[in-house]
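K.L.:
I'll drop the sequence and a predicted model, then ask my questions.
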Amino acid sequence: MLSRYLSSKYQSLQVYTPGEQPRDMRYVKLNTNENPYPPAPGVVEAAAREAGRLELYSDPVCADLRDALAARYGVSRENVYVSNGSDDILYFAFMAFAGGGAKAYFPDISYGFYRVYADFTGAEYRQIPLREDFSIDPADYMNLDGFIAIANPNAPTGMALSRAQVEAIVASNPNHVVLIDEAYVDFGAESCVSLTGKYDNLLVVQTFSKSRSMAGARLGFAIASEGLIADLERIKYSTNPYNVNRVTLAAGIAALESDGYNMENCRRIVETRKASAARLKDMGFEVLPSSANFLFARKKGVDGGMLYRELKARGVLVRHFDAPRISDFLRITVGTPEQMEALFGAIQSILEG
Ligand code: PMP
């Protein structure tokens with residue numbers, strides 16, 4: 001229960017509900033889109049080395065990690081912002097570009113935090129419905145009068161726009177920031193990082209949580225024009241300048257030094273995704289075309305909530321959203337082939353029962 005001291009403007013906030021992280025037993029955990037493989041070689045050693053220096057503050061400029069990201073993506077340090085998870089960047093972006101009554105647009109079915117941040121920062125927002133087939137119609141985002149946030153690939157559908165489609169949206173909104181959330185881009189969608197040199201209103205956000213197996217380290221980054229990066233820095237220096245800790249900075253640099261390992265894991269996950277989608281279709285599921293490390297699937301005549309609960313009872317955790325249009329779907333993170341076998345076995349036993 002809230003205390004009576006909480007500012008009245010926060011008492012009616014609808015907060016984001018993170019996926020479960022239960023501790024009652026060991027689950028086959030396919031519910032929060034974590035990477036099933038461990039972090040790259042060198043990450044653990046780098047983190048351990050840095051842990052011995054925790055008496056010192058971290059570098060507020062994050063110079064070494066930003067330089068490593070700049071080299072990896074062919075931009076300059078001034079075009080890179082790093083933060084304590086990409087959620088932090090999304091929040092800063094809503095604050096910087098949509099807060100205080102400005103307008104904001106995002107899809108009605110997308111990452112749930114967009115609505116929370118819009119509410120929290122006082123944006124006047126409109127959620128644009130996906131098409132009947134759950135795809136985003138780029139025409140809906142042309143010539144708008146406010147900040148735009150799009151996850152590409154979208155979550156929880158996994159469906160992606162092409163780079164050309166995103167470019168058309170960015171080009172048609174020159175007076176507003178377009179944020180492209182590429183949390184899942186390394187699993188097969190076209191990244192728009194290469195467009196950031198051409199459009200000063202494009203903010204591309206990525207994370208180390210998914211393709212680099214570092215969800216627990218909390219490390220996100222943005223690539224954009226110098227001006228947009230300076231805007232984010234301004235908010236950081238008005239709130240928490242040490243928002244990326246020493247251990248995570250060192251781990252991030254080490255992860256980039258072995259990025260071939262990370263991208264190879266992405267390739268394995270894409271392979272498992274393809275095989276798993278085929279398997280689910282064989283079992284009678286409709287599976288949306290995913291470019292991410294998860295599948296969004298439903299089966300006619302089978303209640304999504306029931307399937308989620310029965311899977312949990314069998315030790316397999318997936319994500320179910322009790323929301324209009326998608327309550328009969330499950331979002332299933334692509335794990336190792338062994339984890340997916342456990343999922344299919346459990347589904348089979350539920351359907352037969
Ligand atoms: N964007 C999307 C679309 C996501 O699904 C997530 C993960 N929940 C995030 C951003 C945030 O990821 P993180 O804060 O771990 O970088």
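P.N.:
Thanks, I have it. Numbers count the residues shown, from 1 in each chain.
K.L.:
pull the residues that contact stretch 304-323.
P.N.:
19-20, 22, 25-32, 109, 156, 298-299, 327-333, 342-343, 346-347, 349-350 (C-beta atoms under 8 Å, 6 or more residues apart in numbering). Any C-beta I mention is one placed from the backbone N, CA and C, and that applies to glycine too.
K.L.:
quick one: buried residues of it?
P.N.:
304, 307-308, 310-312, 314, 316-321 (16 or more other C-beta atoms under 10 Å).
K.L.:
buried among the contacts of stretch 304-323? Make that a ChimeraX selection.
P.N.:
The buried subset of these, as determined by 16+ other C-beta under 10 Å, is captured in ChimeraX by this line:
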select :27,28,29,30,31,32,109,156,298,299,328,329,330,331,332,333,342,343,346,347,350
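K.L.:
narrow the contacts of stretch 304-323 to those in strands?
P.N.:
28-29, 298, 330-333 (DSSP state E).
K.L.:
now for those: which two are most distant?
P.N.:
Greatest spacing in the ones in strands among the contacts of stretch 304-323, by C-beta to C-beta: 29 and 298 (21.0 Å).
K.L.:
and the end-to-end length of stretch 56-65?
P.N.:
17 Å (C-alpha to C-alpha, to the nearest Å).
K.L.:
again, but for stretch 201-221
P.N.:
Note: stretch 201-221 ends 16 Å apart using C-alpha to C-alpha.
K.L.:
which bits of the protein sit near the ligand?
P.N.:
85-87, 111, 151, 155, 181, 183, 207, 209, 215, 220 (C-beta under 6 Å from any ligand atom).
K.L.:
could you redo the last one with a cut-off of 8 Å?
P.N.:
18-19, 32-33, 85-90, 110-111, 113, 151, 154-155, 181, 183-184, 205, 207-210, 215, 218-220 (C-beta under 8 Å from any ligand atom).
K.L.:
in strands only, show me those.
P.N.:
Mapping the residues of the chain next to the ligand onto strands (DSSP E) picks out 151, 181, 205, 207, 220.
K.L.:
list just the nearest of these to the ligand.
P.N.:
Checking those against the ligand with C-beta to the nearest ligand atom, the nearest one is residue 207 at 3.2 Å.
K.L.:
the closest one is in contact with residue 217, isn't it?
P.N.:
No. Residue 207 is beyond contact range of residue 217, at 10.2 Å (criterion: C-beta atoms under 8 Å).
K.L.:
and residue 307, what element?
P.N.:
Element membership for residue 307, per DSSP states H and E: helix 304-313.
K.L.:
that helix: what's the following helix or strand?
P.N.:
Next along the chain after helix 304-313, taking DSSP H and E as the criterion, comes strand 316-317.
K.L.:
strand partners of that next one, parallel vs antiparallel please.
P.N.:
Strand 316-317 has the following strand partners under DSSP bridges: strand 28-29 (parallel).
K.L.:
which single helix of the protein contains the most residues?
P.N.:
For the chain, the helix with the greatest residue count under DSSP state H is helix 259-282.
K.L.:
packing partners of that helix?
P.N.:
If you count contacts as 3 or more C-beta pairs under 8 Å, 6 or more residues apart in numbering; DSSP states H and E, helix 259-282 packs onto strand 286-287, strand 294-298, helix 337-352.
K.L.:
quick check: the gap between the residue most central in space within the chain and residue 316.
P.N.:
For the chain, the residue sitting closest to the mean C-alpha position, by C-alpha atoms, centre = their mean, is residue 183 at 3.7 Å. Going from residue 183 to residue 316 by C-beta to C-beta, to the nearest Å gives 23 Å.
K.L.:
just residue 239 next, same as before
P.N.:
Applying C-beta to C-beta, the value for residue 239 to residue 316 is 39 Å.
K.L.:
ditto for residue 148
P.N.:
36 Å.
K.L.:
one more: residue 140?
P.N.:
Per C-beta to C-beta, residue 140 is found 36 Å from residue 316.
K.L.:
contacting residues around residue 204?
P.N.:
Residue 204 neighbours (C-beta under 8 Å, 6+ apart): 180, 182, 191-193, 195-196, 222-224.
K.L.:
on that earlier part again, tell me the one of the ones in strands among the residues of the chain next to the ligand nearest residue 260?
P.N.:
Using C-beta to C-beta, residue 207 comes nearest to residue 260 of those, at 18.9 Å.
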